[in-house]
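> Coordinates only, no sequence provided:
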């Protein structure tokens, strides 16, 4: 999908907000299908505040990803995308005080190390 979007940008498509909108519409549709098709009424639905925080972070991530893909190479885009994961964990730690297990922190170190190696 990334290569297709980069191809469209290379062919003169200059509407990153349209790509973001299409992404969110399809994601929302998939979420509705999942919720009504696979969730039982007893399944817990997250608090509205938690959903708002997650949605805000995801929207910022998608907008920045589409803009990055529009102006950067696919390789740089992938590096920035992987660095986005530890950044979101840092934002959650600072904003909400959320902590993760040692296994998660170990994988974050691996992601950051791999991103640093690939940029050198």
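Received, thanks. Owing to the predicted nature of the structure, the values given are computational and were not obtained by experimental measurement.

> Can you list the low-confidence ranges for this protein?
Applying pLDDT under 70 to the chain picks out residues 1, 39-47, 119-120.

> Would you map the strands across it?
For the chain, applying DSSP state E gives no strands.

> What segments of it are helices?
Ranges of helices in the chain, per DSSP state H, are 2-10, 16-38, 48-71, 74-96, 102-119.

> and those as TSV, adding mean neighbour count?
C-beta here means a position set from N, CA and C on the backbone, and glycine is covered the same way. Listed next are the helices of the chain as TSV, based on neighbours: other CB atoms under 10 Å:
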stretch	mean neighbour count
helix 2-10	13
helix 16-38	12
helix 48-71	14
helix 74-96	14
helix 102-119	12
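
> quick one: contacts for residue 5?
19, 66, 69 (CB atoms under 8 Å, 6 or more residues apart in numbering).

> can you pull the contacts of the residue nearest to residue 69 when sequence neighbours are not counted?
Among residues not flanking residue 69 along the chain, residue 77 sits closest, at 4.9 Å (CB to CB, 6 or more residues apart in numbering). Residue 77 makes contact with 2, 6, 65, 68-69, according to CB under 8 Å, 6+ apart.
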